[in-house]
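Student: A structural model of the following input is requested.
(one chain, ligands or ions: 1)
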Amino acid sequence: MARFVLIGSGLAGGLLAAYLGRRGYEVDLYERRAEPREGNIVGGRSINLAISTRGIHALEQIGIADEALRSAIPMPGRMIHDKSGALHFAPYDVDPKKCINSIGRAALNSTVIEAAQRNSNVRVHFNHKCTGVDIDSGLAHLQTANCAVSAQGDAVIGVDGAFSAVRKSMQNAIAEFQYDESYLAHGYKELTIPPGPDGSWRMEKNALHIWPRKSFMMIALPNPDGSFTCTLFWEFEGPRSFATMKTDDDVRQFSEEEFPDAVPLMPTLLDDFRNNPTGSLVTIRCAPWFYRDKLCLVGDAAHAVVPFYGQGMNAAFEDCIVLDECLEEFPENRERAFAKYFRRRKENADALAALAIGNFIEMRDKTASKTFRAKKKLDHALEAALPGIYLPLYTMVTFTRMPYAKAAKRAQIQDALVYGSLLLVAVIFVAAMLWLVASCSHAPVGAFHHVNPLCPTAHSAVVTAPLVDSSNARLSITVGACNCSIAGLTKPLLWPTHTFQ
Ligand code: FAD
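Tutor: Numbering: from 1, shown residues only. Down below sits the predicted model:
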C-alpha cells in the first residue's frame, strides 16, 4: 500500500489520517505542536466551534460521532441580545430538533487523532514542523526541537491549515498556481463568561448568543463546564475599533455601552481583553489543490473561509470523505483521484467562501432587524408549507449535505420566485386599488351607482371626499360596505365603466 505523509494534525488532519488508515494506507502524520494530551492544542484559535450535519456525517462514517458529540451542546437557534438587554430567540429551522452543536476544539481534535491512532498503520509525530516539501519527489522537510529531518511519502497531503507550508511549496514551484488571500478589516478576540457559582450556565445554554451591532458583533457559544466563550468581531482600525482601546477604561466604557447585559457576567473582561490575542480572518482561494500524484491540499490549507457560517471545519471534514471516496474510485491512479477530489470540491469551497462573508453581514447587521425576523418566519412558513420543495439557504447549508454551490444556486432561484411572487402580488394589489379609485373618478360628492367586479356587492357608494383633484394627495371613499383610503394619488383618473344613478 502507498505511504501518505500528512502535514498537520488539526481537525481535518486527524480525521483524514483515520480515513486513510482505515483504507489500509501507511500514514505518517506530522504536527508542529506538542501532543494534545500534554495540553498544547488550541494556540489562540477558537475554543469551541459549531458542528452540524456535514461534520457529524463525516464523524459517523468513521464511527466516532457518538464519542465526539458526547459533551456537545445543541443550539437550536440564535438568541439575539439588543442594546437594551431584551432577548429574541430565532430558531434555525422550522423543525426544533434541527440544531447546530457547540463542541470543544481541543476535545474534538483529540478524538479524531485517537481514532486515527487506533489503526496500527497510522503513526503520529508531534513537535515536527514542516518547513517545505520537494513537490516532485514527495519529500517533506521537517524541523524538530533539535534537528532537521525529512519524511518520504508516495504522496504528501497538506492538512496544515490556512497558512499551509505545503501550499507555499506548491506556490513557489508551480508557475501556474493560482493563489488569492483576502483579509477582513475585522479581527476577533475571545472573551469569557464563566459558570455561575453552582456551575450552571448564566445565560440560555441551548442557543448561539449574538449581540449584533451593525458594523461589529459579539457571539457566545456554551461550553460543557457552564461557561461561554464569547468572540468579539470588530474592526482592527477606525475611530471605534480594537486600535482605539488603549486603556481598561476604554474597554469598560465600550463594553458597557454595547453589551450591557453581558458585562456583569464577564468578571475577567479586562484581563481577557488585554491578554488574549486579536486574530485575523482570512479567505484563501487557490488552484489546483494537487500536483500530479505527489501533493494534495485538504481543509483550510486548500480553502480557508471566514467563520460566520460555522462551516470551515464542517467543509474540511467533508473534504476527507470526498478524498477517501476518490481514492476508492481510483485505487491505482492517485493523480486521477486527486484531480476528481479537486473537481468535486473546488466550486463548493468557492461557494462557501462567498456564503460565509454574506453571513457576516447578516449576523452583525440584519439579525437585529424586524425585517430579518419576518424573512426568517416567512422562510420557515414556506418550508413547512412546501416540505422538500422550499428549503431556506441556512437549512441547506447547515442541515443537509447538498453541495454548497448547489445550495447557493437553489437559494437564488427560490428567492427570485418568492420575492418575484410577492412583488407581483403587491403590484396586482396596487393596480387593483388604483383601478378601484379610477373607476370612481368621475363621481361627484354624493351617492352613485357603480358596477365594480372587485367589489360586486357594492353597487352604490357614498363619496365622502372629492375624487378628481390632481392636487389632492389623499382620497377617502366609502364604497358599499368597503372602506378605501388611498394616499398619494397625484393624477386625475378616468375610467369609463361606471354609471351614476
Ligand atoms: P487547522 O485546524 O488549522 O489545523 C492545522 C494543523 O496543522 C494545526 O494543528 C497546526 O498546528 C498544524 N500545522 C500548521 N502548520 C504546520 C507546519 N508547518 N508543520 C506541521 N504542522 C503544521 N468551523 C466550523 O465548522 N464551525 C465553527 O463554528 C467555526 N468557528 C470558527 C471560529 C473562529 C474564530 C475561527 C478562526 C475558525 C472557525 N471555524 C469554524 C473554522 C475551523 O476552525 C477551520 O475550518 C478548521 O480548523 C480547519 O481545520 P484544518 O485541520 O484544515 O486546519
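
Student: what does the protein put close to the ligand?
Tutor: The chain has residues 7-13, 30-33, 45-46, 49-50, 129-130, 159-161, 165, 188, 231, 279, 299-301, 307, 310-314, 316 near the ligand, with proximity defined as CB under 6 Å from any ligand atom. Every C-beta, even on glycine, is put in place using the N, C-alpha and C of the backbone.

Student: so of the residues you listed, which ones are in strands?
Tutor: 7, 30, 49, 50, 129, 130, 188, 231, 279 (DSSP state E).

Student: now the residue in the stretch 401-501 of the chain that the ligand sits nearest to. Its backbone dihedrals?
Tutor: With CB to the nearest ligand atom, the shortest gap between the stretch 401-501 of the chain and the ligand falls at residue 404, namely 12.4 Å. Main-chain dihedrals, residue 404, degrees, to the nearest 10: phi -60, psi -40.

Student: can you show me the helices along the stretch 101-250 of the chain?
Tutor: 105-117, 165-173, 248-258 (DSSP state H, counting those that start in this stretch).

Student: just among the ones in strands among the residues of the chain next to the ligand, which is most surrounded?
Tutor: Highest neighbour count within these: residue 7, with 31 neighbours (other CB atoms under 10 Å).

Student: residue contacts, it?
Tutor: 13, 30, 130, 133, 140, 156-160, 164-166 (CB atoms under 8 Å, 6 or more residues apart in numbering).

Student: any idea how far residue 363 lies from residue 132?
Tutor: 38 Å (CB to CB, to the nearest Å).

Student: pLDDT at the residue nearest the centre of the chain, what is it?
Tutor: For the chain, the residue nearest the mean C-alpha position is residue 309 (0.8 Å; CA atoms, centre = their mean). As predicted, residue 309 sits at a pLDDT of 96.

Student: ok, it touching residue 357?
Tutor: No. The pair residue 309 / residue 357 is not scored as a contact, 9.1 Å apart, by CB atoms under 8 Å.

Student: just the closest residue of the chain to the ligand, please.
Tutor: Counting by CB to the nearest ligand atom, the chain gets nearest the ligand through residue 10, at 1.9 Å.

Student: that residue and residue 158 touch, don't they?
Tutor: No. The pair residue 10 and residue 158 does not pass the contact test of CB under 8 Å, sitting 11.3 Å apart.

Student: the two - which one has more neighbours?
Tutor: residue 158 (29 against 24).

Student: how far away is residue 256 from residue 83?
Tutor: According to CB to CB, residue 256 and residue 83 sit 11 Å apart.

Student: picking that back up, looking at the contacts of residue 7, which one is closest to residue 112?
Tutor: residue 13 (8.1 Å; CB to CB).

Student: ramachandran angles for the closest residue to that closest one other than its chain neighbours?
Tutor: Setting aside the residues directly before and after it, residue 13 is nearest to residue 159 in space (CB to CB, 6 or more residues apart in numbering), at 3.7 Å. Dihedral angles of residue 159 (phi, psi; degrees, to the nearest 10) stand at phi -120, psi 40.

Student: and residue 159, how far is that from residue 182?
Tutor: Applying CB to CB to residue 159 and residue 182 gives a distance of 22 Å.

Student: for those two, indicate the residue with more neighbours.
Tutor: Neighbours were counted for residue 159 and for residue 182 using other CB under 10 Å; residue 159 has more, 30 against 12.

Student: what pLDDT, on average, does the strand or helix carrying residue 60 get?
Tutor: Residue 60 belongs to helix 53-61 when elements are defined using DSSP states H and E. In this model, helix 53-61 has a mean pLDDT of 98.

Student: which helices and strands sit right next to that helix?
Tutor: Contacts defined by 3 or more CB pairs under 8 Å, 6 or more residues apart in numbering; DSSP states H and E place helix 53-61 against helix 11-22, helix 65-69, helix 312-329.

Student: that helix versus helix 11-22: what angle between them?
Tutor: 30 degrees (axes from the mean of the first three to the mean of the last three CA atoms, to 10 degrees).

Student: what does helix 53-61 rub up against?
Tutor: Residues beyond helix 53-61 that count as contacts (CB under 8 Å, 6+ apart) turn out to be 15, 19, 65, 68-69, 101, 112, 311, 313-315, 317-318, 320-321, 398-401.

Student: gap between that helix and the chain center?
Tutor: Distance of helix 53-61 from its chain centroid, counting by CA atoms, centre = their mean, to the nearest Å, is 17 Å.

Student: for that helix, buried residues please.
Tutor: 53, 54, 55, 56, 58, 59, 61 (16 or more other CB atoms under 10 Å).

Student: start to end distance for stretch 191-205?
Tutor: 17 Å (CA to CA, to the nearest Å).

Student: shift numbering so it begins at 775
Tutor: From this message on, residue numbering opens at 775, which makes the last subject stretch 965-979.

Student: avg pLDDT for that stretch?
Tutor: Mean predicted confidence for stretch 965-979 is 97.

Student: could you do stretch 878-897 as well?
Tutor: 97.

Student: over to stretch 786-806?
Tutor: Averaged across stretch 786-806, pLDDT comes to 98.

Student: stretch 1103-1118 now?
Tutor: The predicted confidence, averaged over stretch 1103-1118, sits at 98.

Student: run the chain-centre distance for it.
Tutor: How far stretch 1103-1118 lies from its chain's middle: 29 Å, per CA atoms, centre = their mean.

Student: quick one: buried residues of that stretch?
Tutor: Judged by neighbour count (16+ other CB under 10 Å), stretch 1103-1118 contains these buried residues: 1104, 1108, 1111, 1112, 1113, 1114, 1115, 1116, 1118.

Student: and the contacts of that stretch?
Tutor: With CB under 8 Å, 6+ apart, stretch 1103-1118 has contacts from 776, 928-929, 1061-1064, 1066-1067, 1070, 1093, 1096-1097, 1100-1101.

Student: can you rerun that using 10 Å?
Tutor: Here stretch 1103-1118 makes contact (CB atoms under 10 Å, 6 or more residues apart in numbering) with 775-776, 778, 797, 928-929, 931, 1061-1072, 1076, 1092-1093, 1096-1102, 1123, 1177.

Student: okay, that stretch in PDB with CA atoms only?
Tutor: The C-alpha trace of stretch 1103-1118 is given here as PDB (Å, rounded to 0.1, in the frame of the first residue of the first chain):
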ATOM      1  CA  GLU A1103     -12.700   5.000  -7.100                       C
ATOM      2  CA  PHE A1104      -9.200   5.200  -8.500                       C
ATOM      3  CA  PRO A1105      -7.100   2.900  -6.300                       C
ATOM      4  CA  GLU A1106      -4.400   2.500  -8.900                       C
ATOM      5  CA  ASN A1107      -4.300   6.100 -10.100                       C
ATOM      6  CA  ARG A1108      -3.700   8.600  -7.400                       C
ATOM      7  CA  GLU A1109      -3.400  11.500  -9.700                       C
ATOM      8  CA  ARG A1110      -6.900  10.900 -11.100                       C
ATOM      9  CA  ALA A1111      -8.200  10.500  -7.500                       C
ATOM     10  CA  PHE A1112      -6.700  13.900  -6.600                       C
ATOM     11  CA  ALA A1113      -8.000  15.500  -9.700                       C
ATOM     12  CA  LYS A1114     -11.500  14.300  -9.100                       C
ATOM     13  CA  TYR A1115     -11.400  15.300  -5.500                       C
ATOM     14  CA  PHE A1116     -10.400  18.800  -6.600                       C
ATOM     15  CA  ARG A1117     -13.100  19.000  -9.200                       C
ATOM     16  CA  ARG A1118     -15.800  17.900  -6.800                       C
END
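
Student: residue ranges with poor pLDDT in the stretch 875-1024 of the chain?
Tutor: Of all residues in the stretch 875-1024 of the chain, none has pLDDT under 70.

Student: thank you, goodbye.
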